[in-house]
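Chemist: sequence plus the predicted model coming up.
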Amino acid sequence: MRPMGRMRGIGRECAWLCAALACGLACALSSPGLALAAQEAFVRVDQAGYPALGPKRAYVMASAGEKGAPYEVKTEGGATVATGTIGDSTGSWSGSFPDVYAIDFDAVSAPGRYIVSVGGAVPASSPAFAIGEPSSLYGAPLANGLSFYENERDGPEYIPSALRTAPSHLNDAAAMTYETPKVNGNGAFKGDLRPLGVRIDAAGGWWDAGDYLKFLQTTGYTIAVMEAGVRDFPAQLGAGAPASDFTNEARFGVEWMLRMWDEETATLYYQVGIGEGDKAILGDHDIWRLPQADDTWGGSDPAARYIRERPVFRAGPPGSPISPNLAGRDAAAFGLCFQLFHATQPALAARCLKVGERIFALADTAHKGKLLTAIPFGFYPEKQWRDDLELGASELALALLDAAPGELPAGLPRTEATFYLGEGARWAREYVKKSKATADTLNLYDVSGLAHYDLIRALRAAGEPSGLDETEASLLGALRGELDGAATQSAKDPFGFGFPWAQADTASHGDGLAAMAAEYDWLSGTSAYAADQVRWLGNVLGANAWGISLIVGDGSNWVRCPSHQVANLLGSLDSSPPVLAGAVVEGPSDEPSSGEVEGMRPCPAGSGDGGYGRFNGSGAVFSDNAQSYTTTEPAIDLTASSLLAFAWSAAGSPAPAG
């Protein structure tokens, strides 16, 4: 595709012919190849479908002006159900596609499958999509999400599938612990690791992403989001949804987190495995293989010793203060564990609550410098932490408020919910004060979108106590402020997305925004962000410049080449089964990545970007290539917010508490 600036120049040069001939024909006669190459349009839709009674918007991305062109909404069988003409452009996407237009067809509500077709100078049609009841639209995506976590399981409690044929990393059950080494930006260290002489059971948990490392940072966030979803949406994520019941998955994840804590010595461990070694030591990222190969990888080769016997890193000496981000999100996960399991698995719930309170009490609230997330810090460069403490306090408060008389375990450090309500309000106030210029929306690096929501619920459950640093009204205002920032961004984007496409974790942010919009509307009793909720989720599911769903298996055209070892080695490379269904990938970013590892199956065949490079624009790029981990790598934290987004969209409101 040639730059549009040059095409417009040619148009001016042949303008004298337009008096006698259509301008497009005149230009075709003077430069036929150039004119043919320029004429393209694409209709982008939410490929998972639109709620029957909700807003419905498609986007037309065109290389030439389409204002005034006719459009039709037809059933898949060809019956026309709505017509109209295209209005003003919503903005320019790129030099190749300078015009984007929105088509709204809210009035079409009958369940079925439809296609949007555009006439005019550059005809185009959308892929087929559904309109239906929310429960029917989002049931399959939720089931796919469960499949993703089941396929991401590590350890002996794996679940056999077409992608999982054996348990993995059984040696983690007796893993040696180590001091955290000094590393460079890639995670490589000099010399050797320093063992602590203590072995722990670090088996289980989920792999973090497309590699096989395990981090408390990402697992704590994932578990908290998953548990909140199971608690609030039992008909979508709990026992009322046989195809997408995450209850056992939440139990599986929280039990691994408990193994990373030594109660007797008050010692926290935060990472299993190394990404990079040194010149004489292999790290996880140096080889491409199935996970079950690691326990015997390289035989007795010393270079592979940390592949076979994976190190576990200690967060600090016994009883020492804990990095507040880890302390907060761990406390939240354990508080939610009590809320979920106190009636059905009381022993697990009791242990969770005790550990959650102990870890919260050890939070380093005078923290300075870099947070402890992973080694290297560059893997997960989180800067916020007050939101983590707000979330931890809120979930501990809700746990205590939820307990029946006599249900709290003996020896609990604190039994009064008022203490944690005060702590939650305190850290909410500190977060708002410290993050005015940097407030984010719900994702791994900022959990305020969930923390504010659950703190409001806790305040309501406690009867709106007075004298706290934050009130329900001020917390709602903070939530609204984050959403208003996203709405401002939406107004700048031709596709109405609430987060810049040229940044990392775009898909996760879109899902998080959809969940936050629903939270605010439910808490406030309004529909202020109802349209945004549908559209932001739709952006992730195909209503974007690339016309691709960023969740594997959801929609009609999704990522074919995830940067994920199991999916690459045992899955299909063309979207036929088996695929890593439910996996949310990084999404469009500011740059693609490349780098082949021996054993990687080329995807797409012959390399390339899967044909998506020509749709790049506004500084954002997307490459559907197994090497492009910046755009196609899935992760447990990236996928977590999709569970809330789909559950809110399917249910409309959470189940009553209690």
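Modeler: Alright, I've got the coordinates. Numbers count the residues shown, from 1 in each chain.

Chemist: for R314, list the residues it contacts.
Modeler: Taking C-beta atoms under 8 Å, 6 or more residues apart in numbering, we find R314 in contact with 177-180, 196, 267-270. All C-beta atoms are positioned from the backbone trio N, CA, C, and that covers glycine.

Chemist: against N171, how distant is it?
Modeler: Here R314 is placed at a distance of 18 Å from N171 (C-beta to C-beta, to the nearest Å).

Chemist: check A62 too.
Modeler: Distance from A62 to N171, by C-beta to C-beta: 56 Å.

Chemist: how about G87?
Modeler: Taken as C-beta to C-beta, the span from G87 to N171 is 62 Å.

Chemist: dump the contacts of R314 into CSV; add pLDDT as well.
Modeler: Putting the contacts of R314 into CSV (pLDDT from 0 to 100) gives the following:
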residue, pLDDT
T177, 98
Y178, 98
E179, 96
T180, 94
L196, 98
T267, 98
L268, 98
Y269, 98
Y270, 98
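
Chemist: out of those, which end up buried?
Modeler: Among these, those buried by neighbour count (16 or more other C-beta atoms under 10 Å) are 177-178, 180, 196, 267-270.

Chemist: dump the residues you listed into TSV; add distance to V432 and secondary structure as well.
Modeler: Below are those laid out as TSV (distance: C-beta to C-beta, whole Å; DSSP: H, G, I helix; E, B strand; the rest coil):
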residue	distance to V432	secondary structure
T177	38	strand
Y178	38	strand
T180	32	coil
L196	39	strand
T267	33	strand
L268	28	strand
Y269	32	strand
Y270	28	strand
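
Chemist: which one of the residues you listed is nearest to E40?
Modeler: Y270 (49.3 Å; C-beta to C-beta).

Chemist: can you pull the contacts of the nearest residue to that closest one once chain neighbours are set aside?
Modeler: Counting by C-beta to C-beta, 6 or more residues apart in numbering, L216 is the residue found nearest to Y270 once chain neighbours are left out, at 4.2 Å. L216 makes contact with 257, 260, 268-271, 315, 326, 330, according to C-beta under 8 Å, 6+ apart.

Chemist: mind putting the residues you listed into TSV with distance to D364?
Modeler: Listed next are the contacts of L216 as TSV, based on distance: C-beta to C-beta, whole Å:
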residue	distance to D364
M257	19
M260	18
L268	12
Y269	17
Y270	14
Q271	18
A315	10
L326	9
D330	13
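
Chemist: just the closest of these to A350, please.
Modeler: Distance to A350 across those (C-beta to C-beta) is lowest for M257, with 15.4 Å.

Chemist: restricting to C-alpha, output the helix or strand harbouring that closest one in PDB.
Modeler: For M257, the host element (DSSP states H and E) is helix 247-259. Taking Å, rounded to 0.1, in the frame of the first residue of the first chain, the C-alpha atoms of helix 247-259 are listed here in PDB:
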ATOM      1  CA  THR A 247     -14.000 -22.600  42.300                       C
ATOM      2  CA  ASN A 248     -11.500 -25.500  42.000                       C
ATOM      3  CA  GLU A 249      -9.100 -23.400  40.000                       C
ATOM      4  CA  ALA A 250      -9.200 -20.700  42.700                       C
ATOM      5  CA  ARG A 251      -8.500 -23.300  45.300                       C
ATOM      6  CA  PHE A 252      -5.600 -24.700  43.200                       C
ATOM      7  CA  GLY A 253      -4.000 -21.300  42.900                       C
ATOM      8  CA  VAL A 254      -4.400 -20.200  46.500                       C
ATOM      9  CA  GLU A 255      -2.900 -23.500  47.800                       C
ATOM     10  CA  TRP A 256       0.300 -22.700  45.800                       C
ATOM     11  CA  MET A 257       0.400 -19.300  47.300                       C
ATOM     12  CA  LEU A 258       0.200 -20.800  50.800                       C
ATOM     13  CA  ARG A 259       3.200 -23.000  49.900                       C
END
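
Chemist: what residues sit buried inside it?
Modeler: 247, 249-259.

Chemist: could you do stretch 639-652 as well?
Modeler: Across stretch 639-652, burial judged by 16+ other C-beta under 10 Å covers 639-651.

Chemist: and of those residues, the nearest to H509?
Modeler: Set against H509, the nearest of the buried residues of stretch 639-652 by C-beta to C-beta is S641 (8.1 Å).

Chemist: what strand or helix carries the closest one?
Modeler: Per DSSP H and E, S641 falls inside helix 636-651.

Chemist: show the subsequent helix or strand relative to the helix holding M257.
Modeler: Downstream of helix 247-259, the next assigned helix or strand under DSSP H and E is strand 261-262.

Chemist: now do the strands in the stretch 101-250 of the chain.
Modeler: Listed in chain order, the strands of the stretch 101-250 of the chain (DSSP state E, counting those that start in this stretch) span 112-118, 124-125, 129-132, 175-178, 195-200, 214-215.

Chemist: A518 is nearest to which of the ones you listed?
Modeler: Closest of the strands of the stretch 101-250 of the chain to A518 is strand 129-132, at 18.5 Å (criterion: C-beta to C-beta).

Chemist: what lines up beside that closest one in the sheet?
Modeler: Its sheet considered, strand 129-132 pairs with strand 50-51 (parallel), strand 112-118 (antiparallel) by DSSP bridges.

Chemist: any idea of the mean pLDDT for the longest one?
Modeler: Meaning strand 112-118. Strand 112-118 shows a mean pLDDT of 98.

Chemist: now what about stretch 173-181, what contacts it?
Modeler: Under the criterion C-beta under 8 Å, 6+ apart, residues 155-156, 189, 193-196, 198-203, 269, 272, 309-315, 375 lie in contact with stretch 173-181.

Chemist: now list the buried members of the residues you listed.
Modeler: Buried among the contacts of stretch 173-181 (16+ other C-beta under 10 Å): 155, 189, 193, 196, 198, 200, 202-203, 269, 272, 310-315, 375.

Chemist: taking those one by one, which sit in helices?
Modeler: Among those, no residue falls in helices (DSSP state H).

Chemist: show me where pLDDT drops low in this protein?
Modeler: Counting by pLDDT under 70, the chain shows low-confidence ranges at 1-38, 437-438, 658.

Chemist: ok, G481 - contacts?
Modeler: Contacts for G481 (C-beta under 8 Å, 6+ apart) come out as A439.
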